[in-house]
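J.: I need the structure of the sequence given here:
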Amino acid sequence: MANARNGTASPSTSSCTSSSSYSSSASDEDILRTLHRLARDLAAADPPAPFLRAVFASVSRRARLLLAVFDDLLLLLGAGGPLPRSASLCLREVLLVLQRFKAVVADCAARSRMRLLLQSDEVASRVRELQHDLATLLDILPVADLGLADDVADLLALASRQCRRPAPEAAPERELKAGVLALIQEVEREIVPGRERLEAILEEVAINDPAGCSEEIETLEREIGERVAERWTSAMIALVGLLRYAKCVLFSAATPRPLDSKVDVDLDSDDAAEPPAPPQDFRCPISLDLMRDPVVSSSGQTYDRESITRWFGAGKSTCPKTGQVLTNLSLVPNKALKNLISRWCRENGVPMEGGNGEPGKPGKPEPAPPVAANKAAVEAARMTASFLVKKLSNSFSTASDNRVVHELRQLAKSGGTGSRAFIGEAGAVPLLVPLLTSEDAALQLNAVTAVLNLSILEANKKRIMHADGAVAALCEVMGSGATWRAKENAAATVLSLAAVHTYRRRLGRNPRVVEEVVQLVRTGPSSTKKDALAALLCLSAERENVGRLVGAGAAEAALSAVGEEETATAVLASLAKRGGAEAIVKIEGAVARLVAEMRRGTEWSRECAAAALVLLCRRAGAAAVTQVLAVSGVEWAIWELMGSGSERARRKAASLGRACRRFAAANVVQDRECLTSTTVSPRAVAAA
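T.: Predicted coordinates:
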């Protein structure tokens, strides 16, 4: 009966199934001890939110009554024989109900407070149903056969009556919920909520500090993405925007969390902190990197979507791990594993969507929002941006600047395109530019990261490029920034700005930009070097820039990173394509390094190395082909790439092989002609 009534609750389904099999084979003593433990846990459980205190207080009171009953039953069982069969079966059903009670408590504790408020009616209804089931079971429990003392039997009867007692008509949570929904409607009408009202609502849901507010926002966003409450998704999106605004208005004087504002340590020091290595099960079997979007193939193996898609794109239809031929190439998202990876990333400070700390970095596609932002969320974002920019313009201390810029950085990162537009329209860029050269390391990092996040929006690129001193300030950060992370994000900003054709040419004409990006490739740590190489690749896409890049040593810098960063070979191919081939060929060991990368690099790196070698042979002629043929094992490397590379890699390898064969054949003909012209005929000797 209890099973049928409550079988729809997702969090409790698995636990109930396992409990059912447990209870059918366990002894009466085991059942009673489990019942005692569950009653004790429920009696001590705190309400998941203040507005549900009355609902869960009733559960706690019933549990305390049952705890005394189970204490007495354990004593009776120890002194006498087994329980009557009817009582044993009834207690096993009680066990299932109490387990469902505990599942409700655990489920509510895991939810965001705001979602719990929106679903408070459903939670109360669930608790009432379980109490009714418990009352029914307590009524049919054969008390007389158990030999319970009169006062214990009275406790059972009291628990049953309390379970049947109707809930109060006007619950406090309903009033609070109506107030929150009314506030959302006011924001939709562009009415700015008052500070006192926001403070009262957050106090009633027990959000009392910036850390709790941030955690609530993150939990809400995760629940929206997981579509756990379709009916309330629109209200939850609006509440995310409203909470961001409330956080800025109510807690703007709070210091940013250390995790968000931490300063990178010097990577040359002995205390340099390395990010934790992901567990083996979280790594893609193809790339061996942390899986960002795990999917399951038809063979049952899990891969990162990008890696397996590239594998299939190369014309392969086998499972990379098992080698079996796949019946179809369909991929199914592994949501359970993705949730585990997301949790591990959050706990260890590892970015889930990108490798450099900001999910919104250029080249790293942002996850699509689950639904379009509603009017309330848009207006809340506009209010938040306006409030923060105004506060920054009136700030007169480094500490205050840092707090506000940190909030702008977070809003630009997680608020999406709308928030970036509102921040830019409010005039944030001219206020952020002077802070790029701040002597305060945390403020500089927050400022440059905020500019990076804003630069993703096309309109903000124009604002940054036209802001007085913005490009010079970015160069200053790349050259002498306080932390490697600041330098890295400055290089990423140059990459973002260079995505626009006209800005790419302007940046390439600036010798300081070119010099600092090349220097970062030479001296930066891995993550910084990766962004600097990406910026070089973007700048080299403009033929006009190639001469200046080569003159600044871009080819040598990229060559030094071959084997370490796969983008380095792409930079060399791009330079060779647009006029830098002869300069690359003149670098000692350049050709040999590219041949080695063509053999041992990643799939994309091998492809780019082959493309670079073909371009060198075409542009530099014999000087390049001679060096290619001089590398031991080059024929095997070409043959291997033709057999196992991507479609483009196979084409480039075939072109390189043809170039080598033609050069070798031409040399043979030339050698024969030279031999013929130097041979003296017998007739000539006789004439002499």
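J.: any low-confidence regions in the stretch 101-250 of the chain?
T.: 167-171 (pLDDT under 70).
J.: and the closest residue to residue 558 other than its chain neighbours, what element?
T.: Spatial nearest neighbour of residue 558, excluding adjacent residues (C-beta to C-beta, 6 or more residues apart in numbering): residue 571 at 4.1 Å. In this view, the C-beta of every residue, glycine as well, is placed from N, C-alpha and C. Per DSSP states H and E, residue 571 falls inside helix 567-575.
J.: same deal with residue 98?
T.: Assessed by DSSP H and E, residue 98 sits inside helix 85-110.
J.: list the buried residues of that helix.
T.: Of the residues in helix 85-110, 87, 90-105, 107-108 count as buried by neighbour count, 16 or more other C-beta atoms under 10 Å.
J.: where do the strands of the stretch 151-300 of the chain begin and end?
T.: Using DSSP state E, counting those that start in this stretch, the strands of the stretch 151-300 of the chain run over residues 294-296.
J.: oh sorry, the question was meant for the chain
T.: 294-296, 302-304, 332-333 (DSSP state E).
J.: buried deepest among those, which one?
T.: Comparing these by mean neighbour count (mean count of other C-beta atoms under 10 Å), strand 302-304 comes out on top with a mean of 23.
J.: sheet partners, orientation included, of it?
T.: Next to strand 302-304 in the sheet, as set by DSSP bridges, lie strand 294-296 (antiparallel).
J.: pull the distance from the strand it pairs with to the chain's centre.
T.: What separates the centre of strand 294-296 from the centre of its chain is 16 Å, taken as C-alpha atoms, centre = their mean, to the nearest Å.
J.: then stretch 227-235?
T.: 21 Å.
J.: okay, and the beta partners of the nearest residue to residue 331 once chain neighbours are set aside?
T.: In space, and not counting its chain neighbours, residue 331 is closest to residue 295: 4.0 Å by C-beta to C-beta, 6+ apart. Under DSSP bridges, the beta-bridge partners of residue 295 are residue 303, residue 333.
J.: quick check: residue 295 vs residue 307, distance?
T.: Remark: distance between residue 295 and residue 307 (C-beta to C-beta, to the nearest Å) = 10 Å.
J.: check residue 603 too.
T.: 9 Å.
J.: cool, residue 569 as well?
T.: 19 Å.
J.: compare the two (neighbour count), which wins?
T.: Between residue 569 and residue 307, counting by other C-beta atoms under 10 Å, residue 569 is the more crowded of the two (31 against 19).
J.: wait, what's in contact with the more buried one?
T.: Residue 569 is in contact with 558, 562, 594, 597, 601, 605, 608, 609, 612, counting by C-beta atoms under 8 Å, 6 or more residues apart in numbering.
J.: which of those residues sits closest to residue 626?
T.: Using C-beta to C-beta, the shortest approach to residue 626 within these belongs to residue 594, at 14.3 Å.
J.: list the contacts of the closest one.
T.: 562, 569, 572, 609, 612, 613, 616.
J.: repeat the analysis, applying 10 Å as the threshold.
T.: Residue 594 makes contacts with 559, 562, 569, 572-573, 576, 584, 601, 605, 608-613, 616, 627-628, 631, as judged by C-beta atoms under 10 Å, 6 or more residues apart in numbering.
J.: what's the end-to-end length of stretch 303-320?
T.: In stretch 303-320, first residue to last residue: 9 Å (C-alpha to C-alpha, to the nearest Å).
J.: also stretch 424-435?
T.: Counting by C-alpha to C-alpha, you get 16 Å between the two ends of stretch 424-435.
J.: count the residues that sit near residue 530.
T.: For residue 530, the neighbour count with other C-beta under 10 Å is 24.
J.: from residue 520, how far off is it?
T.: Distance from residue 530 to residue 520, by C-beta to C-beta: 10 Å.
J.: what do those two both touch?
T.: 488, 491.
J.: hmm, back to that, which ChimeraX command selects the buried ones in the contacts of residue 569?
T.: If you want just the buried ones from the contacts of residue 569 in ChimeraX, going by 16+ other C-beta under 10 Å, the selection is:
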select :558,562,594,597,601,605,608,609,612
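J.: low-confidence stretches in the chain?
T.: Checking the chain against pLDDT under 70 turns up 1-25, 78-81, 167-171, 252-277, 336, 346-373, 667-688.
J.: list the contacts of the closest residue to residue 541 other than its chain neighbours.
T.: Nearest non-adjacent residue to residue 541, counting by C-beta to C-beta, 6+ apart: residue 574, 6.4 Å away. Counting by C-beta under 10 Å, 6+ apart, residue 574 makes contact with 536-542, 546, 549, 554, 558, 580, 608, 611-612, 615.
J.: just among those, which is most surrounded?
T.: Neighbour-wise, the contacts of residue 574 (other C-beta under 10 Å) top out at residue 536, 34 neighbours.
J.: can you tell me the closest non-neighbouring residue to that residue?
T.: Closest residue to residue 536 apart from its sequence neighbours, by C-beta to C-beta, 6+ apart: residue 571 at 5.0 Å.
J.: pull the contacting residues for that neighbour.
T.: Applying C-beta under 10 Å, 6+ apart, the residues contacting residue 571 are 521, 532-540, 549, 554-555, 557-559, 561-562, 565, 580, 608, 612.
J.: ok, back up a step: let me know the closest of the contacts of residue 569 to residue 641.
T.: Nearest member of the contacts of residue 569 to residue 641, counting by C-beta to C-beta, is residue 609, at 8.9 Å.
J.: quick one: contacts for the closest one?
T.: Contact partners of residue 609, counting by C-beta under 10 Å, 6+ apart, are 562, 566, 568-570, 572-573, 593-601, 637, 641, 649, 652-653, 656.
J.: now the buried members of those.
T.: Among the contacts of residue 609, those buried by neighbour count (16+ other C-beta under 10 Å) are 562, 566, 568-570, 572-573, 593-599, 601, 637, 641, 649, 652-653, 656.
J.: taking those one by one, which sit in helices?
T.: Counting by DSSP state H, the part of those found in helices is 568-570, 572-573, 593-599, 637, 641, 649, 652-653, 656.
J.: hey, where'd the helices end up in the stretch 51-200 of the chain?
T.: Secondary structure of the stretch 51-200 of the chain by DSSP state H, counting those that start in this stretch: the helices cover 53-79, 85-110, 113-118, 120-140, 143-146, 150-164, 172-188, 195-204.
J.: deepest in the core, which of those is it.
T.: Comparing the helices of the stretch 51-200 of the chain by mean neighbour count (mean count of other C-beta under 10 Å), helix 113-118 comes out on top with a mean of 24.
J.: who does that helix touch, helix- and strand-wise?
T.: If you count contacts as 3 or more C-beta pairs under 10 Å, 6 or more residues apart in numbering; DSSP states H and E, helix 113-118 packs onto helix 85-110, helix 120-140, helix 172-188, helix 195-204, helix 210-226, helix 233-251.
J.: sweet, I'm off.
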